[in-house]
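Participant: sequence first, predicted model second:
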Amino acid sequence: MNKMSNQKIREWIILYLGDELSDSQKQWVEQLLLEDTTWQSIYGTEKKLDAIFSGLEKPEIELETFDGLRQEIMGRIRYQRRPVSSALEFLKGRWETLKDHGVHPVLAGSLATLALIIGLVISGLPQRQTDLTQQGATDPSMPPESRLFNSLVEKGSDYKMMGMKPDREGGDKVSFDFKAPTEDVEMTVSPDNSVVQDYLIHLLKNSKNPNHRRKSLKILEDYQDVDQVQEALVTSMLTDIDAGVRLKAITALEDHQITHNLQEAYIRVLMSDDNARMRTEAAKRLGTVMDQDLLAVYEYQVQVDKNEYVTQILRQNIARLRSEQNEGSLQ
Amino acid sequence: MKEQLNQLIERAQKGETRAFNEIIKHYEDRVMSVIIGITRDRVEAQDVFQEVFIKLFDKIGHFRFESDFFTYLYRMTVNTCFNAHRRKKRHHNVFQDTSEEFWNVTAAPEDEEAPPDRDSEIASAILRLYTQLPPQQQTVFALKYYENKKVNEISELLGVGEGTIKRYLFRARETMQKALIQEGITP
(Lines give C-alpha, C1' and ligand atoms only; values in the text may rest on other atoms or scores of the structure.)
Protein backbone atom coordinates (compact mmCIF):
# COMPACT_ATOMS: atom_id res chain seq x y z
CA MET A 1 0.00 0.00 0.00
CA ASN A 2 2.93 2.30 0.53
CA LYS A 3 3.52 2.34 -3.21
CA MET A 4 0.10 3.76 -3.92
CA SER A 5 0.06 6.82 -6.22
CA ASN A 6 -0.91 10.18 -4.80
CA GLN A 7 -3.96 10.19 -7.06
CA LYS A 8 -5.08 6.86 -5.64
CA ILE A 9 -4.59 8.07 -2.08
CA ARG A 10 -6.69 11.14 -2.84
CA GLU A 11 -9.41 8.90 -4.21
CA TRP A 12 -9.33 6.81 -1.06
CA ILE A 13 -9.64 9.94 1.04
CA ILE A 14 -12.73 10.97 -0.93
CA LEU A 15 -14.19 7.47 -0.52
CA TYR A 16 -13.25 7.57 3.16
CA LEU A 17 -15.27 10.76 3.55
CA GLY A 18 -18.24 9.03 1.94
CA ASP A 19 -17.79 6.00 4.22
CA GLU A 20 -17.23 3.78 1.22
CA LEU A 21 -14.01 2.01 2.20
CA SER A 22 -13.55 -1.41 3.73
CA ASP A 23 -12.38 -1.56 7.37
CA SER A 24 -8.78 -2.28 6.41
CA GLN A 25 -8.75 0.56 3.87
CA LYS A 26 -10.24 2.90 6.46
CA GLN A 27 -7.53 1.96 8.95
CA TRP A 28 -4.88 2.59 6.31
CA VAL A 29 -6.24 6.08 5.58
CA GLU A 30 -6.56 6.90 9.29
CA GLN A 31 -2.98 5.81 9.89
CA LEU A 32 -1.78 7.96 6.98
CA LEU A 33 -3.64 10.98 8.32
CA LEU A 34 -2.09 10.50 11.72
CA GLU A 35 1.42 10.38 10.32
CA ASP A 36 1.46 12.78 7.36
CA THR A 37 0.67 16.49 7.69
CA THR A 38 0.50 17.08 3.91
CA TRP A 39 -2.27 14.50 3.60
CA GLN A 40 -3.93 15.97 6.69
CA SER A 41 -4.18 19.27 4.84
CA ILE A 42 -5.49 17.62 1.66
CA TYR A 43 -8.00 15.73 3.79
CA GLY A 44 -9.14 19.04 5.30
CA THR A 45 -9.70 20.57 1.85
CA GLU A 46 -11.56 17.53 0.55
CA LYS A 47 -13.71 17.46 3.65
CA LYS A 48 -14.68 21.11 3.16
CA LEU A 49 -15.46 20.43 -0.50
CA ASP A 50 -17.55 17.43 0.48
CA ALA A 51 -19.54 19.53 2.93
CA ILE A 52 -20.11 22.23 0.29
CA PHE A 53 -21.18 19.74 -2.37
CA SER A 54 -23.55 17.95 -0.02
CA GLY A 55 -24.89 21.13 1.50
CA LEU A 56 -26.12 22.84 -1.67
CA GLU A 57 -29.79 23.60 -1.34
CA LYS A 58 -32.21 22.35 -3.95
CA PRO A 59 -34.48 24.86 -5.65
CA GLU A 60 -38.00 24.42 -4.30
CA ILE A 61 -41.11 23.63 -6.27
CA GLU A 62 -44.41 24.99 -5.03
CA LEU A 63 -47.24 22.55 -4.37
CA GLU A 64 -49.50 24.26 -6.89
CA THR A 65 -46.92 23.55 -9.57
CA PHE A 66 -47.54 19.84 -9.11
CA ASP A 67 -51.25 20.26 -9.79
CA GLY A 68 -50.49 22.06 -13.04
CA LEU A 69 -47.89 19.52 -14.06
CA ARG A 70 -50.19 16.63 -13.33
CA GLN A 71 -52.98 18.17 -15.39
CA GLU A 72 -50.59 18.77 -18.25
CA ILE A 73 -49.32 15.18 -18.12
CA MET A 74 -52.84 13.77 -18.09
CA GLY A 75 -53.72 16.02 -21.02
CA ARG A 76 -50.69 14.90 -23.01
CA ILE A 77 -51.36 11.27 -22.19
CA ARG A 78 -54.73 11.48 -23.92
CA TYR A 79 -52.86 12.18 -27.11
CA GLN A 80 -50.16 9.58 -26.53
CA ARG A 81 -50.00 5.96 -27.50
CA ARG A 82 -51.43 3.99 -24.62
CA PRO A 83 -50.04 0.88 -23.01
CA VAL A 84 -50.85 -2.16 -25.08
CA SER A 85 -54.00 -3.19 -23.23
CA SER A 86 -55.67 0.19 -23.28
CA ALA A 87 -55.65 1.05 -26.95
CA LEU A 88 -59.42 0.83 -27.14
CA GLU A 89 -60.00 3.33 -24.35
CA PHE A 90 -57.41 5.58 -25.87
CA LEU A 91 -59.19 5.62 -29.20
CA LYS A 92 -62.57 6.01 -27.58
CA GLY A 93 -61.23 8.99 -25.65
CA ARG A 94 -59.74 10.45 -28.80
CA TRP A 95 -62.95 9.93 -30.72
CA GLU A 96 -64.97 11.62 -27.99
CA THR A 97 -62.54 14.53 -27.90
CA LEU A 98 -62.72 14.92 -31.65
CA LYS A 99 -66.50 14.66 -31.60
CA ASP A 100 -66.64 17.34 -28.91
CA HIS A 101 -64.59 19.55 -31.17
CA GLY A 102 -67.00 19.05 -34.06
CA VAL A 103 -64.71 16.91 -36.19
CA HIS A 104 -66.10 15.70 -39.50
CA PRO A 105 -68.21 12.56 -39.07
CA VAL A 106 -66.15 10.68 -41.69
CA LEU A 107 -63.03 11.04 -39.58
CA ALA A 108 -64.96 10.14 -36.44
CA GLY A 109 -66.25 7.10 -38.31
CA SER A 110 -62.72 6.05 -39.29
CA LEU A 111 -61.67 6.28 -35.68
CA ALA A 112 -64.69 4.29 -34.60
CA THR A 113 -63.68 1.57 -37.05
CA LEU A 114 -60.22 1.71 -35.65
CA ALA A 115 -61.60 1.45 -32.12
CA LEU A 116 -63.58 -1.56 -33.19
CA ILE A 117 -60.49 -3.24 -34.62
CA ILE A 118 -58.56 -2.57 -31.46
CA GLY A 119 -61.49 -3.82 -29.40
CA LEU A 120 -61.37 -7.08 -31.30
CA VAL A 121 -57.64 -7.22 -30.74
CA ILE A 122 -58.11 -6.97 -27.03
CA SER A 123 -60.96 -9.43 -26.79
CA GLY A 124 -59.16 -11.90 -29.03
CA LEU A 125 -55.95 -11.98 -27.06
CA PRO A 126 -54.83 -15.32 -25.73
CA GLN A 127 -55.81 -15.51 -22.10
CA ARG A 128 -54.72 -19.05 -21.36
CA GLN A 129 -52.34 -19.48 -18.47
CA THR A 130 -50.09 -22.50 -18.69
CA ASP A 131 -51.19 -24.87 -16.01
CA LEU A 132 -48.89 -27.75 -15.34
CA THR A 133 -51.32 -29.27 -12.88
CA GLN A 134 -53.30 -30.59 -15.84
CA GLN A 135 -50.30 -32.63 -16.84
CA GLY A 136 -50.08 -35.02 -13.95
CA ALA A 137 -48.50 -33.16 -11.06
CA THR A 138 -51.01 -32.50 -8.35
CA ASP A 139 -50.08 -29.69 -6.01
CA PRO A 140 -50.78 -26.30 -7.60
CA SER A 141 -48.89 -24.51 -4.81
CA MET A 142 -45.73 -26.34 -5.87
CA PRO A 143 -43.29 -24.39 -8.08
CA PRO A 144 -43.71 -25.25 -11.78
CA GLU A 145 -40.18 -26.70 -11.84
CA SER A 146 -41.10 -29.23 -9.17
CA ARG A 147 -44.33 -30.05 -10.89
CA LEU A 148 -42.52 -30.71 -14.16
CA PHE A 149 -39.97 -32.84 -12.38
CA ASN A 150 -42.64 -34.75 -10.50
CA SER A 151 -44.77 -35.42 -13.51
CA LEU A 152 -41.76 -36.74 -15.43
CA VAL A 153 -39.97 -38.79 -12.82
CA GLU A 154 -42.58 -39.16 -10.08
CA LYS A 155 -40.43 -37.78 -7.39
CA GLY A 156 -41.46 -35.15 -4.88
CA SER A 157 -39.31 -32.31 -3.66
CA ASP A 158 -38.71 -28.61 -4.06
CA TYR A 159 -36.90 -28.36 -7.37
CA LYS A 160 -35.60 -25.15 -8.82
CA MET A 161 -34.48 -24.87 -12.41
CA MET A 162 -31.01 -23.34 -12.53
CA GLY A 163 -30.15 -23.67 -16.20
CA MET A 164 -31.35 -25.06 -19.47
CA LYS A 165 -29.50 -26.15 -22.58
CA PRO A 166 -31.15 -27.05 -25.87
CA ASP A 167 -29.32 -29.83 -27.69
CA ARG A 168 -27.57 -28.03 -30.54
CA GLU A 169 -26.79 -31.14 -32.53
CA GLY A 170 -30.08 -32.92 -32.95
CA GLY A 171 -32.37 -30.16 -31.74
CA ASP A 172 -34.76 -32.73 -30.28
CA LYS A 173 -33.61 -32.67 -26.65
CA VAL A 174 -33.32 -30.12 -23.93
CA SER A 175 -31.34 -30.44 -20.69
CA PHE A 176 -32.45 -28.79 -17.47
CA ASP A 177 -30.30 -28.40 -14.39
CA PHE A 178 -32.47 -28.75 -11.32
CA LYS A 179 -31.44 -27.87 -7.82
CA ALA A 180 -33.21 -29.20 -4.73
CA PRO A 181 -32.24 -28.94 -1.05
CA THR A 182 -30.94 -32.49 -1.15
CA GLU A 183 -29.71 -33.03 -4.69
CA ASP A 184 -28.73 -31.45 -8.00
CA VAL A 185 -30.13 -33.21 -11.04
CA GLU A 186 -29.53 -32.78 -14.74
CA MET A 187 -32.48 -34.01 -16.74
CA THR A 188 -32.45 -34.36 -20.52
CA VAL A 189 -35.92 -34.53 -21.98
CA SER A 190 -37.63 -34.33 -25.32
CA PRO A 191 -39.74 -31.25 -26.09
CA ASP A 192 -42.04 -33.63 -27.96
CA ASN A 193 -43.46 -34.40 -24.52
CA SER A 194 -46.45 -32.14 -23.90
CA VAL A 195 -45.49 -31.66 -20.24
CA VAL A 196 -42.12 -30.31 -21.35
CA GLN A 197 -43.80 -28.11 -23.93
CA ASP A 198 -46.07 -26.70 -21.25
CA TYR A 199 -43.08 -26.04 -19.04
CA LEU A 200 -41.29 -24.25 -21.88
CA ILE A 201 -44.42 -22.18 -22.53
CA HIS A 202 -44.48 -21.37 -18.83
CA LEU A 203 -40.84 -20.26 -19.00
CA LEU A 204 -41.46 -18.15 -22.09
CA LYS A 205 -44.34 -16.37 -20.44
CA ASN A 206 -43.11 -16.11 -16.86
CA SER A 207 -39.37 -16.64 -16.46
CA LYS A 208 -37.53 -13.67 -15.01
CA ASN A 209 -34.43 -14.75 -16.89
CA PRO A 210 -34.48 -13.38 -20.48
CA ASN A 211 -32.03 -16.14 -21.55
CA HIS A 212 -34.47 -18.79 -20.42
CA ARG A 213 -37.25 -17.02 -22.29
CA ARG A 214 -35.10 -16.82 -25.43
CA LYS A 215 -34.04 -20.47 -25.22
CA SER A 216 -37.61 -21.62 -24.61
CA LEU A 217 -38.73 -19.61 -27.60
CA LYS A 218 -36.00 -21.15 -29.74
CA ILE A 219 -37.14 -24.67 -28.86
CA LEU A 220 -40.83 -23.90 -29.18
CA GLU A 221 -40.31 -22.53 -32.70
CA ASP A 222 -40.23 -26.14 -33.86
CA TYR A 223 -43.62 -26.88 -32.35
CA GLN A 224 -45.66 -24.18 -33.99
CA ASP A 225 -48.42 -26.54 -34.95
CA VAL A 226 -49.30 -26.73 -31.26
CA ASP A 227 -51.99 -24.09 -30.62
CA GLN A 228 -50.65 -23.08 -27.24
CA VAL A 229 -47.23 -22.42 -28.76
CA GLN A 230 -48.60 -19.88 -31.19
CA GLU A 231 -50.50 -18.26 -28.33
CA ALA A 232 -47.32 -18.12 -26.27
CA LEU A 233 -45.37 -16.60 -29.16
CA VAL A 234 -48.06 -13.96 -29.65
CA THR A 235 -48.12 -13.18 -25.94
CA SER A 236 -44.35 -12.92 -25.90
CA MET A 237 -44.37 -10.66 -28.97
CA LEU A 238 -46.90 -8.39 -27.29
CA THR A 239 -45.75 -8.32 -23.70
CA ASP A 240 -42.15 -9.37 -23.18
CA ILE A 241 -40.20 -6.56 -21.55
CA ASP A 242 -37.07 -7.50 -23.50
CA ALA A 243 -37.18 -6.15 -27.06
CA GLY A 244 -34.77 -8.92 -28.13
CA VAL A 245 -37.25 -11.59 -27.04
CA ARG A 246 -40.15 -9.74 -28.68
CA LEU A 247 -38.17 -9.57 -31.92
CA LYS A 248 -37.43 -13.29 -31.78
CA ALA A 249 -41.12 -13.95 -31.18
CA ILE A 250 -42.27 -11.86 -34.11
CA THR A 251 -39.62 -13.53 -36.29
CA ALA A 252 -40.81 -16.96 -35.18
CA LEU A 253 -44.33 -16.01 -36.25
CA GLU A 254 -43.21 -15.06 -39.75
CA ASP A 255 -44.35 -18.25 -41.45
CA HIS A 256 -47.65 -18.40 -39.64
CA GLN A 257 -50.74 -17.82 -41.66
CA ILE A 258 -52.13 -14.43 -40.69
CA THR A 259 -55.37 -15.32 -39.00
CA HIS A 260 -57.79 -12.76 -37.63
CA ASN A 261 -56.20 -12.97 -34.18
CA LEU A 262 -52.68 -12.71 -35.50
CA GLN A 263 -53.61 -9.72 -37.64
CA GLU A 264 -54.99 -8.01 -34.56
CA ALA A 265 -51.85 -8.81 -32.62
CA TYR A 266 -49.74 -7.23 -35.37
CA ILE A 267 -51.94 -4.12 -35.20
CA ARG A 268 -51.20 -3.90 -31.51
CA VAL A 269 -47.50 -4.17 -32.14
CA LEU A 270 -47.69 -1.52 -34.83
CA MET A 271 -49.57 0.87 -32.60
CA SER A 272 -48.01 0.20 -29.23
CA ASP A 273 -44.50 -1.18 -29.41
CA ASP A 274 -41.74 1.30 -28.60
CA ASN A 275 -39.26 -0.59 -30.71
CA ALA A 276 -39.16 0.64 -34.31
CA ARG A 277 -37.94 -2.74 -35.61
CA MET A 278 -41.00 -4.40 -34.09
CA ARG A 279 -43.30 -1.83 -35.69
CA THR A 280 -41.47 -2.26 -39.00
CA GLU A 281 -41.98 -6.02 -38.91
CA ALA A 282 -45.64 -5.63 -37.97
CA ALA A 283 -46.21 -3.11 -40.78
CA LYS A 284 -44.58 -5.49 -43.27
CA ARG A 285 -46.66 -8.46 -42.15
CA LEU A 286 -49.88 -6.45 -42.25
CA GLY A 287 -48.92 -5.26 -45.72
CA THR A 288 -49.56 -8.76 -47.01
CA VAL A 289 -53.19 -8.61 -45.84
CA MET A 290 -55.72 -6.97 -48.15
CA ASP A 291 -58.16 -5.83 -45.53
CA GLN A 292 -59.71 -2.42 -46.20
CA ASP A 293 -60.35 -1.93 -42.47
CA LEU A 294 -56.61 -1.61 -42.05
CA LEU A 295 -56.64 1.70 -43.95
CA ALA A 296 -57.86 3.52 -40.83
CA VAL A 297 -55.08 1.94 -38.76
CA TYR A 298 -52.41 2.91 -41.28
CA GLU A 299 -53.73 6.44 -41.71
CA TYR A 300 -53.73 6.98 -37.99
CA GLN A 301 -50.32 5.44 -37.40
CA VAL A 302 -48.69 7.32 -40.27
CA GLN A 303 -49.62 10.53 -38.44
CA VAL A 304 -48.19 9.53 -35.07
CA ASP A 305 -45.25 7.25 -35.84
CA LYS A 306 -41.97 9.13 -35.68
CA ASN A 307 -39.96 6.49 -37.48
CA GLU A 308 -39.53 7.33 -41.15
CA TYR A 309 -39.00 3.75 -42.24
CA VAL A 310 -42.18 2.60 -40.55
CA THR A 311 -44.20 5.43 -42.08
CA GLN A 312 -42.70 4.65 -45.49
CA ILE A 313 -43.94 1.04 -45.25
CA LEU A 314 -47.31 2.23 -44.01
CA ARG A 315 -47.64 4.57 -47.00
CA GLN A 316 -46.90 1.65 -49.31
CA ASN A 317 -49.57 -0.38 -47.52
CA ILE A 318 -52.05 2.48 -47.87
CA ALA A 319 -51.27 2.81 -51.58
CA ARG A 320 -51.76 -0.92 -52.08
CA LEU A 321 -55.12 -0.96 -50.33
CA ARG A 322 -56.31 2.17 -52.15
CA SER A 323 -55.40 0.73 -55.50
CA GLU A 324 -57.34 -2.40 -54.64
CA GLN A 325 -60.25 -0.19 -53.58
CA ASN A 326 -60.15 1.64 -56.93
CA GLU A 327 -59.96 -1.57 -58.90
CA GLY A 328 -62.98 -2.85 -57.01
CA SER A 329 -65.02 0.26 -57.72
CA LEU A 330 -64.09 0.17 -61.44
CA GLN A 331 -65.33 -3.37 -61.72
CA MET B 1 -50.15 0.36 1.41
CA LYS B 2 -48.02 -1.69 -0.96
CA GLU B 3 -51.05 -3.75 -1.84
CA GLN B 4 -53.00 -0.59 -2.69
CA LEU B 5 -50.13 0.70 -4.78
CA ASN B 6 -49.87 -2.56 -6.66
CA GLN B 7 -53.57 -2.38 -7.40
CA LEU B 8 -53.13 1.15 -8.72
CA ILE B 9 -50.28 -0.02 -10.93
CA GLU B 10 -52.33 -2.93 -12.24
CA ARG B 11 -55.22 -0.60 -13.03
CA ALA B 12 -52.87 1.82 -14.76
CA GLN B 13 -51.46 -1.10 -16.74
CA LYS B 14 -54.97 -1.68 -18.03
CA GLY B 15 -55.02 1.93 -19.19
CA GLU B 16 -57.05 3.47 -16.38
CA THR B 17 -55.95 7.08 -16.40
CA ARG B 18 -57.46 7.85 -13.00
CA ALA B 19 -55.22 5.23 -11.43
CA PHE B 20 -52.25 6.68 -13.26
CA ASN B 21 -53.11 10.12 -11.90
CA GLU B 22 -53.03 8.63 -8.38
CA ILE B 23 -49.64 7.09 -9.08
CA ILE B 24 -48.29 10.48 -10.10
CA LYS B 25 -49.70 12.02 -6.91
CA HIS B 26 -48.07 9.32 -4.82
CA TYR B 27 -44.60 9.68 -6.30
CA GLU B 28 -44.46 13.29 -7.49
CA ASP B 29 -42.55 14.71 -4.50
CA ARG B 30 -39.87 12.06 -4.57
CA VAL B 31 -39.47 12.14 -8.33
CA MET B 32 -39.28 15.91 -8.43
CA SER B 33 -36.72 15.91 -5.64
CA VAL B 34 -34.48 13.60 -7.68
CA ILE B 35 -34.95 15.64 -10.85
CA ILE B 36 -34.31 18.97 -9.25
CA GLY B 37 -31.28 17.56 -7.48
CA ILE B 38 -29.82 16.61 -10.83
CA THR B 39 -30.96 19.46 -13.05
CA ARG B 40 -30.74 22.24 -10.43
CA ASP B 41 -33.11 24.18 -12.64
CA ARG B 42 -36.80 24.70 -11.89
CA VAL B 43 -37.94 25.09 -15.48
CA GLU B 44 -35.93 22.16 -16.81
CA ALA B 45 -37.03 20.05 -13.86
CA GLN B 46 -40.68 20.58 -14.76
CA ASP B 47 -40.05 19.49 -18.36
CA VAL B 48 -38.16 16.40 -17.24
CA PHE B 49 -40.88 15.63 -14.68
CA GLN B 50 -43.48 15.50 -17.44
CA GLU B 51 -41.20 13.43 -19.63
CA VAL B 52 -40.67 10.90 -16.83
CA PHE B 53 -44.35 10.33 -16.19
CA ILE B 54 -45.27 10.20 -19.86
CA LYS B 55 -42.52 7.65 -20.34
CA LEU B 56 -43.84 5.77 -17.31
CA PHE B 57 -47.30 5.73 -18.83
CA ASP B 58 -45.86 4.21 -22.01
CA LYS B 59 -43.81 1.62 -20.16
CA ILE B 60 -45.96 0.74 -17.17
CA GLY B 61 -47.42 -2.22 -19.05
CA HIS B 62 -43.96 -3.79 -19.01
CA PHE B 63 -43.55 -3.54 -15.22
CA ARG B 64 -43.68 -7.09 -13.86
CA PHE B 65 -43.69 -6.52 -10.09
CA GLU B 66 -40.32 -8.27 -9.86
CA SER B 67 -38.63 -5.22 -8.38
CA ASP B 68 -39.69 -2.34 -6.22
CA PHE B 69 -41.78 0.09 -8.26
CA PHE B 70 -40.02 3.17 -6.93
CA THR B 71 -36.63 1.71 -7.82
CA TYR B 72 -38.00 1.18 -11.33
CA LEU B 73 -39.32 4.74 -11.44
CA TYR B 74 -36.16 6.14 -9.88
CA ARG B 75 -34.01 4.52 -12.56
CA MET B 76 -36.31 5.88 -15.25
CA THR B 77 -36.07 9.33 -13.68
CA VAL B 78 -32.29 9.34 -13.53
CA ASN B 79 -32.01 8.12 -17.12
CA THR B 80 -34.46 10.75 -18.32
CA CYS B 81 -32.47 13.48 -16.55
CA PHE B 82 -29.30 12.14 -18.10
CA ASN B 83 -30.78 12.10 -21.61
CA ALA B 84 -32.30 15.55 -21.17
CA HIS B 85 -28.94 16.90 -20.12
CA ARG B 86 -27.22 15.22 -23.05
CA ARG B 87 -29.72 16.80 -25.44
CA LYS B 88 -29.22 20.18 -23.82
CA LYS B 89 -25.46 19.81 -24.02
CA ARG B 90 -25.65 19.02 -27.73
CA HIS B 91 -27.88 22.01 -28.26
CA HIS B 92 -25.47 24.27 -26.40
CA ASN B 93 -22.56 22.96 -28.40
CA VAL B 94 -24.32 23.89 -31.62
CA PHE B 95 -25.16 27.33 -30.33
CA GLN B 96 -22.08 27.92 -28.29
CA ASP B 97 -22.25 31.71 -28.49
CA THR B 98 -25.80 31.74 -27.26
CA SER B 99 -24.75 29.39 -24.51
CA GLU B 100 -22.04 31.79 -23.32
CA GLU B 101 -24.57 34.58 -23.30
CA PHE B 102 -26.93 32.40 -21.37
CA TRP B 103 -24.40 31.83 -18.63
CA ASN B 104 -23.62 35.53 -18.40
CA VAL B 105 -27.27 36.42 -18.19
CA THR B 106 -27.99 33.92 -15.50
CA ALA B 107 -24.93 34.78 -13.42
CA ALA B 108 -25.63 36.71 -10.22
CA PRO B 109 -26.18 40.40 -11.02
CA GLU B 110 -23.24 42.58 -10.09
CA ASP B 111 -25.23 45.54 -8.84
CA GLU B 112 -26.76 43.82 -5.84
CA GLU B 113 -26.86 45.96 -2.75
CA ALA B 114 -24.68 43.82 -0.57
CA PRO B 115 -21.78 41.71 -1.86
CA PRO B 116 -22.58 38.01 -1.73
CA ASP B 117 -21.15 36.22 1.29
CA ARG B 118 -18.40 33.66 0.82
CA ASP B 119 -20.65 30.61 1.15
CA SER B 120 -23.14 31.79 -1.42
CA GLU B 121 -20.25 32.83 -3.69
CA ILE B 122 -18.87 29.28 -3.52
CA ALA B 123 -22.34 27.76 -3.90
CA SER B 124 -23.18 29.78 -6.99
CA ALA B 125 -19.77 28.99 -8.53
CA ILE B 126 -20.28 25.30 -7.87
CA LEU B 127 -23.74 25.35 -9.42
CA ARG B 128 -22.39 27.10 -12.49
CA LEU B 129 -19.52 24.63 -12.82
CA TYR B 130 -21.84 21.71 -12.13
CA THR B 131 -24.08 22.59 -15.06
CA GLN B 132 -21.01 22.62 -17.31
CA LEU B 133 -19.91 19.09 -16.40
CA PRO B 134 -20.34 16.35 -19.03
CA PRO B 135 -23.68 14.54 -18.59
CA GLN B 136 -22.19 11.34 -17.12
CA GLN B 137 -20.12 13.19 -14.54
CA GLN B 138 -23.03 15.46 -13.68
CA THR B 139 -25.41 12.56 -13.12
CA VAL B 140 -22.95 10.66 -10.94
CA PHE B 141 -22.06 13.80 -9.00
CA ALA B 142 -25.71 14.61 -8.36
CA LEU B 143 -26.55 11.09 -7.25
CA LYS B 144 -23.58 11.07 -4.90
CA TYR B 145 -23.93 14.48 -3.28
CA TYR B 146 -27.56 15.46 -3.75
CA GLU B 147 -29.15 12.05 -3.49
CA ASN B 148 -26.59 10.69 -0.99
CA LYS B 149 -26.16 7.47 -2.92
CA LYS B 150 -23.15 5.20 -2.44
CA VAL B 151 -20.92 4.32 -5.38
CA ASN B 152 -22.30 0.77 -5.55
CA GLU B 153 -25.87 2.06 -5.54
CA ILE B 154 -25.12 4.49 -8.38
CA SER B 155 -23.45 1.68 -10.27
CA GLU B 156 -26.54 -0.47 -9.93
CA LEU B 157 -28.89 2.35 -10.84
CA LEU B 158 -27.04 3.34 -13.99
CA GLY B 159 -25.94 -0.16 -14.93
CA VAL B 160 -22.31 0.95 -15.09
CA GLY B 161 -19.34 -0.62 -13.27
CA GLU B 162 -18.24 0.80 -9.91
CA GLY B 163 -14.79 1.64 -11.32
CA THR B 164 -16.36 3.82 -14.01
CA ILE B 165 -18.60 5.53 -11.48
CA LYS B 166 -15.58 6.35 -9.30
CA ARG B 167 -13.73 7.70 -12.33
CA TYR B 168 -16.63 10.03 -13.22
CA LEU B 169 -16.93 11.11 -9.62
CA PHE B 170 -13.24 11.91 -9.15
CA ARG B 171 -13.07 13.70 -12.49
CA ALA B 172 -16.10 15.79 -11.64
CA ARG B 173 -14.62 16.75 -8.27
CA GLU B 174 -11.25 17.48 -9.77
CA THR B 175 -12.71 19.60 -12.58
CA MET B 176 -14.75 21.61 -10.13
CA GLN B 177 -11.90 22.00 -7.66
CA LYS B 178 -9.51 23.22 -10.37
CA ALA B 179 -12.08 25.63 -11.78
CA LEU B 180 -12.78 27.03 -8.32
CA ILE B 181 -9.07 27.63 -7.73
CA GLN B 182 -8.76 29.32 -11.13
CA GLU B 183 -11.57 31.63 -10.14
CA GLY B 184 -9.71 32.44 -6.93
CA ILE B 185 -12.17 30.54 -4.79
CA THR B 186 -10.61 28.12 -2.36
CA PRO B 187 -12.72 26.16 0.06
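Facilitator: Thanks, I have the structure now. Residues are numbered from 1 along each chain as shown, chains lettered A, B, ... in the order given.

Participant: which parts of the stretch 151-300 of chain A sit against chain B?
Facilitator: Neighbours of chain B within the stretch 151-300 of chain A, by C-beta under 8 Å from any C-beta of the partner chain: A:208, A:239, A:241, A:274. (Each C-beta comes from the backbone N, C-alpha and C, glycine too.)

Participant: three-state assignment of the third one?
Facilitator: Read that as residue A:241. Assigned by DSSP: H, G, I helix; E, B strand; the rest coil, the conformation of residue A:241 is coil.

Participant: need the phi and psi values for it.
Facilitator: With angles defined as degrees, to the nearest 10, residue A:241 sits at phi -70, psi -20.

Participant: per-residue pLDDT, the residue of the stretch 101-250 of chain A found nearest chain B?
Facilitator: Closest approach between the stretch 101-250 of chain A and chain B, counting by C-beta to the nearest C-beta: residue A:241, at 4.3 Å. We have a pLDDT of 81 for residue A:241.

Participant: quick one: contacts for residue 173?
Facilitator: No chain in the question, so chain A it is. Residue A:173 makes contacts with A:166-167, A:188-191, as judged by C-beta atoms under 8 Å, 6 or more residues apart in numbering or on different chains.

Participant: actually it's chain B I care about, not the one you picked
Facilitator: If you count contacts by C-beta under 8 Å, 6+ apart, then residue B:173 has A:14, A:49, A:53, B:141 around it.

Participant: format these as JSON lines; extra columns: pLDDT.
Facilitator: Formatted as JSON lines, these follow (pLDDT from 0 to 100):
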{"residue": "A:14", "pLDDT": "91"}
{"residue": "A:49", "pLDDT": "86"}
{"residue": "A:53", "pLDDT": "83"}
{"residue": "B:141", "pLDDT": "91"}
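
Participant: out of the residues you listed, who's nearest residue A:67?
Facilitator: Residue A:67 lies nearest to residue B:141 out of these, by C-beta to C-beta, at 31.4 Å.

Participant: count of neighbours near that closest one?
Facilitator: Counted with other C-beta atoms under 10 Å in any protein chain shown, residues neighbouring residue B:141 total 22.

Participant: find the nearest non-adjacent residue to it, please.
Facilitator: The shortest distance from residue B:141 to any non-neighbouring residue, by C-beta to C-beta, 6 or more residues apart in numbering or on different chains, is to residue B:172 (4.3 Å).

Participant: where does that neighbour land in three-state SS?
Facilitator: Assignment for residue B:172 (three-state DSSP): helix.

Participant: what's the distance between it and residue B:37?
Facilitator: According to C-beta to C-beta, to the nearest Å, residue B:172 and residue B:37 sit 15 Å apart.

Participant: more neighbours: which of these two?
Facilitator: Of the pair residue B:172 and residue B:37, residue B:172 is the one with more neighbours under other C-beta under 10 Å, namely 24 against 19.

Participant: how about the more buried one, what does it touch?
Facilitator: By C-beta under 8 Å, 6+ apart, residue B:172 lies in contact with B:133, B:137-138, B:140-141.

Participant: what pLDDT is listed against it?
Facilitator: 90.

Participant: test my guess that the residue of the stretch 101-250 of chain A closest to chain B contacts residue B:64.
Facilitator: Yes: because the distance of 6.5 Å satisfies C-beta atoms under 8 Å, residue A:241 is recorded as touching residue B:64.

Participant: of these two, which one has the most company?
Facilitator: Each of residue A:241 and residue B:64 has its neighbours counted (other C-beta under 10 Å); residue A:241 has more, 15 against 12.

Participant: right, and chain A sits closest to which residue of chain B?
Facilitator: residue B:15 (1.8 Å).

Participant: and that residue, backbone torsions?
Facilitator: The phi/psi pair for residue B:15 (degrees, to the nearest 10) is phi 100, psi 10.

Participant: what is the neighbour count of it?
Facilitator: Applying other C-beta under 10 Å, I find that residue B:15 has 23 neighbouring residues.

Participant: doesn't residue A:295 belong to a helix?
Facilitator: Yes: using three-state DSSP, the assignment for residue A:295 is a helix.

Participant: show me the residue at the heart of chain B, geometrically.
Facilitator: Centroid-nearest residue in chain B, with C-alpha atoms, centre = their mean: residue B:38, separated by 2.4 Å.

Participant: that one contacts residue B:139, correct?
Facilitator: Yes: assessed by C-beta under 8 Å, residue B:38 is found in contact with residue B:139 at 6.3 Å.

Participant: what do those two both touch?
Facilitator: By C-beta under 8 Å, 6+ apart, the residues touching both residue B:38 and residue B:139 are B:78, B:81-82, B:85.

Participant: now these in CSV, with distance to chain A?
Facilitator: Listed next are these as CSV, based on distance: C-beta to the nearest C-beta, whole Å:
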residue, distance to chain A
B:78, 15
B:81, 13
B:82, 18
B:85, 16
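
Participant: most neighbours, which of these?
Facilitator: Result: residue B:81 is most packed of these (other C-beta under 10 Å), 27 neighbours.

Participant: can I assume that one is in contact with residue B:48?
Facilitator: Yes: here residue B:81 lies in contact with residue B:48, judged by C-beta under 8 Å, at a distance of 5.6 Å.

Participant: who touches both of these two?
Facilitator: Shared contacts of residue B:81 and residue B:48, counting by C-beta under 8 Å, 6+ apart, come down to B:35, B:39.

Participant: and the closest residue to residue A:57 other than its chain neighbours, how close does it get to residue A:224?
Facilitator: Once flanking residues are discounted, residue A:57 sits nearest to residue B:123: 7.9 Å by C-beta to C-beta, 6+ apart. According to C-beta to C-beta, residue B:123 and residue A:224 sit 64 Å apart.
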